[in-house]
Every structure is written in C-alpha cells, then in structure tokens.
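**Q** Sequence plus predicted model, see below.
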Amino acid sequence: MSTLANKIGVPHSNFSKYVKVLKEKGLIERFRKANNSKDVIIKLTDRGREFYRLRSRWMEEHYQELFAVLDNISDEQLAVFSEVIEKMTDTYIHSLPK
C-alpha cells in the first residue's frame with residue numbers, strides 16, 4: 001500500500017483511511033499475500049467496477065465541454081498546462097501535515 005500511496009502522492013496514513021472507507025462501502029476487497037503478510041493486495045469488487053463505470057460516465061457528461069476545449073489546444077499549450085497542474089499538486093502535497 002505504501003507503493004501505491006507514493007505513486008499517487010497521498011500520505012500513507014491518508015491512503016490507509018481511504019482504503020478502509022472504500023472497503024466499508026464494498027467498493028474494494030483487501031487481501032494479504034500468503035507468502036508475505038506485509039504485502040497487501042487491493043482489488044475492485046463488482047460494486048466498485050460499477051461505481052467507477054457510472055462515475056466515469058458522469059464525468060464525461062458533465063465535463064464534455066472542458067474535454068472539447070482541451071482537444072483543441074496545441075501540444076505546447078498542453079505541456080504548459082500540465083506543468084502548472086504538476087506544480088500546484090506538488091505545492092499542495094508538500095503543504096499537507098506529515
């Protein structure tokens with residue numbers, strides 16, 4: 001779970017809380033490997049897949065205009081926009097309490 005938390009830029013303690021909530025809501029299953037009890041496997045449930053499908057459709061419907069704008073920007077503009085988002089994310093992540 002630490003590896004996943006690091007990859008998405010979320011502190012491990014917060015990630016553990018998110019996993020707990022998702023499990024309580026029946027969206028994921030959590031397993032430990034038989035040969036290594038430290039390794040945790042997280043798997044979507046059928047309900048989790050359905051939630052993801054519905055949420056993705058909702059995002060597509062509600063952000064269609066934004067996606068259309070992004071389709072019309074140049075690679076250069078996209079690179080600048082991506083850099084801005086990365087810097088904002090880094091600033092936010094580094095401002096979180098440890």
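**A** Received the coordinates, thanks.

**Q** For the rest of this, base every contact and every neighbour count on C-alpha atoms.
**A** Will do.

**Q** those strands in this protein, which residues are they?
**A** 28-32, 40-44 (DSSP state E).

**Q** buried set for the first one?
**A** When you say that, I think you mean strand 28-32. For strand 28-32, burial by neighbour count (16 or more other CA atoms under 10 Å) applies to 28-29.

**Q** what does stretch 24-44 give?
**A** If you call a residue buried by 16+ other CA under 10 Å, then stretch 24-44 has these buried ones: 27-29, 44.

**Q** related to what we said a few turns ago, show me the one of the strands of the chain that comes nearest residue 4.
**A** Ranking these by distance to residue 4, with CA to CA as the measure, places strand 40-44 first at 10.0 Å.

**Q** Flag the shaky bits of this protein, pLDDT-wise.
**A** Scanning the chain for pLDDT under 70 picks out 98.

**Q** The residue most central in space within it and residue 87, how far apart?
**A** When the chain is reduced to its mean C-alpha position, the nearest residue by CA atoms, centre = their mean turns out to be residue 8, at 6.3 Å. For residue 8, the distance to residue 87 (CA to CA, to the nearest Å) stands at 15 Å.

**Q** cool, and residue 30?
**A** For residue 30, the distance to residue 87 under the criterion CA to CA works out to 33 Å.

**Q** Same check on residue 7?
**A** Look at residue 7 and residue 87: by CA to CA, they are 16 Å apart.

**Q** in the lengthiest helix in the chain, what's buried?
**A** Scanning the chain for the longest helix, with DSSP state H as the assignment, gives helix 75-95. When neighbours are counted by 16+ other CA under 10 Å, no buried residue of helix 75-95 is found.

**Q** Please enumerate residues in contact with it?
**A** The list of residues contacting helix 75-95 from outside it, by CA atoms under 8 Å, 6 or more residues apart in numbering, reads 9-10, 70.
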